[in-house]
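K.L.:
Coordinates for the following, if possible.
(one chain, ligands or ions: 1)
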Amino acid sequence: MGDVVIETKPIDGKAFAAGLRARIAEEVARLGAAHGLKPGLAVVLVGEDPASQVYVRNKAAQTLEAGMTSFEHKLAVDTPEAELLALIARLNADPAVNGILVQLPLPAQIDAMKVLSTIDPAKDVDGFHVVNAGRLAVGLDALVPCTPLGCVMLLKHHLGNLSGLKAVVVGRSNIVGKPAAQLLLKEDCTVTIAHSRTRDLPGECRTADILVAAVGRPEMVRGDWIKPGATVIDVGINRIPKPDGKTRLVGDVAYQEAQGIAGLITPVPGGVGPMTIACLLQNTLTAAKRQVGLE
Ligand SMILES: Nc1nc(=O)c2c([nH]1)NC[C@@H]1CN(c3ccc(C(=O)N[C@@H](CCC(=O)O)C(=O)O)cc3)C=[N+]21
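P.N.:
Coordinates of the predicted model:
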């Protein structure tokens, strides 16, 4: 038996996201010309976390670039919960607003679950409302969380049919892990959700044809956790300090160790991250069309 040499290919999420945004922009232009419809996305940011500010600015810029309207609402860090709920009620009632995103995490005085359940499910472009989570779980049309949607788009583009493949999702958050598992199940994968209490986590990961890492711990998934030839989707975005005092971004997977083992892997940055924003625009377009009966 000769040794199998695996050439690990990076999945270019940045390029795929750019293409997706271009297709969305075309559809937005077409909707404007044919129906006078211009989708609008409202983004609400509470507080001044620098990373969140950069991220919200990127979203607004890409929303405008796609030909949609962007509404930005920046509230003070000590905003009372009632004030945020009142803003959401106004956005729910505003016909120019087709999508609403409240940037997470929220400050401690605000109950995030209460906020998310106040958003009209039809405008819930994050897909975090229990109605959308439930609709996804039972196989009805839902607005699907952007990051898992982006992951599955990349997988289908690179692997084609996912039917029968073994998928292991590491992480059980409502934002990524659980909806990612639902979407993979819908693609007829055999799905395991693994987490910090999973017995023999490395061994569980080694069974995966598709390994999705969404734990939020820098480089936790090691090279020898990966089955040779597997496709690895790294959802982690971790900012870690460098010796020179600056920071660098790393994923939840030890990217260098995965070389020569994984078949395909998403890099960080440039993998899943850009897909998240592109899918947010996709969801805003979908929401706008459904709200006027065009789907
Ligand atoms: N309600 C809500 N919805 C979200 O979708 C949401 C949120 N809150 N809170 C924060 C997280 C984080 N998140 C990212 C999206 C894109 C990149 C992204 O584009 N990353 C680039 C570069 C990042 C960089 O250079 O800093 C990349 O990975 O290539 C990162 C992070 C969405 N989030």
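
K.L.:
Grab the nearest non-local neighbour of the closest residue to the ligand within the stretch 151-295 of the chain.
P.N.:
Taking CB to the nearest ligand atom, the ligand has its nearest neighbour within the stretch 151-295 of the chain at Gly273, 2.1 Å off. C-beta here means a position set from N, CA and C on the backbone, and glycine is covered the same way. Closest residue to Gly273 apart from its sequence neighbours, by CB to CB, 6 or more residues apart in numbering: Ile237 at 5.9 Å.

K.L.:
Just to be sure, Ala82 is in a helix?
P.N.:
Yes. According to DSSP: H, G, I helix; E, B strand; the rest coil, Ala82 belongs to a helix.

K.L.:
Give me the neighbour count for it.
P.N.:
9 (other CB atoms under 10 Å).

K.L.:
quick one: contacts for the residue nearest to Gly273?
P.N.:
Neighbouring residues of Ile237 by CB atoms under 8 Å, 6 or more residues apart in numbering: Leu249, Gly251, Val268, Pro269, Gly273.

K.L.:
Does stretch 99-106 reach the ligand?
P.N.:
Yes. For stretch 99-106, a contact with the ligand is found by CB under 6 Å from any ligand atom, at Leu101, Val102, Gln103, Leu104.

K.L.:
Buried subset of these as a PyMOL selection?
P.N.:
Selecting only the buried entries of the residues of stretch 99-106 next to the ligand in PyMOL, with 16 or more other CB atoms under 10 Å as the criterion:
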select buried, resi 101+102+103
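
K.L.:
And the residues of stretch 99-106 next to the ligand, which two are furthest apart?
P.N.:
Spatially, the most separated pair among these is Leu101 and Leu104, at 9.2 Å (CB to CB).

K.L.:
For the chain, which segments are assigned as helices?
P.N.:
Ranges of helices in the chain, per DSSP state H, are 13-35, 50-65, 81-93, 112-118, 130-138, 146-159, 177-186, 201-205, 255-258, 272-291.

K.L.:
Lowest average confidence across these, which one?
P.N.:
Note on these: helix 50-65 shows the lowest mean pLDDT, a mean of 94.

K.L.:
elements contacting that helix?
P.N.:
Secondary-structure packing of helix 50-65 (3 or more CB pairs under 8 Å, 6 or more residues apart in numbering; DSSP states H and E): helix 13-35, strand 40-46, strand 69-75, helix 272-291.

K.L.:
Out of the helices of the chain, which is closest to Asp124?
P.N.:
Comparing those by CB to CB, helix 130-138 comes nearest, at 5.5 Å.

K.L.:
Report the contact partners of the nearest residue to Arg21 once chain neighbours are set aside.
P.N.:
Leaving out its chain neighbours, the residue that sits closest to Arg21 by CB to CB, 6+ apart is Ala278, at 5.2 Å. By CB under 8 Å, 6+ apart, Ala278 lies in contact with Phe16, Ala17, Ala18, Leu20, Arg21, Ile24, Gln62, Gly150.

K.L.:
Show me which residues of the stretch 1-150 of the chain sit near the ligand.
P.N.:
Within reach of the ligand by CB under 6 Å from any ligand atom, the stretch 1-150 of the chain has these residues: Tyr55, Leu101, Val102, Gln103, Leu104, Asp126, Cys146.

K.L.:
If we use 8 Å, what do you get?
P.N.:
The stretch 1-150 of the chain has residues 13-14, 51-52, 54-55, 58, 101-105, 126, 128, 145-147 near the ligand, with proximity defined as CB under 8 Å from any ligand atom.

K.L.:
Pull the number of nearby residues for Phe16.
P.N.:
By other CB under 10 Å, the residues close to Phe16 number 19.

K.L.:
isn't Lys114 right next to Glu81, touching?
P.N.:
Yes. Contact criterion CB atoms under 8 Å: Lys114 and Glu81 qualify, at 7.0 Å.

K.L.:
Could you check which of those two is surrounded by more residues?
P.N.:
Neighbour count, other CB under 10 Å: between Lys114 and Glu81, Glu81 has more, with 17 against 12.

K.L.:
Met113 is in contact with the more buried one, correct?
P.N.:
No. Contact criterion CB under 8 Å: Glu81 and Met113 do not qualify, at 11.3 Å.

K.L.:
Give the residues shared as contacts by these two.
P.N.:
Residues touching both Glu81 and Met113 by CB under 8 Å, 6+ apart: none at all.

K.L.:
Now whatever residue of the stretch 1-150 of the chain ends up closest to the ligand: closest residue in space that isn't a chain neighbour?
P.N.:
Here the stretch 1-150 of the chain gets closest to the ligand at one residue, Leu104, 3.9 Å apart by CB to the nearest ligand atom. Of all residues not flanking Leu104 in the chain, Ala112 sits nearest, at 6.4 Å (CB to CB, 6+ apart).
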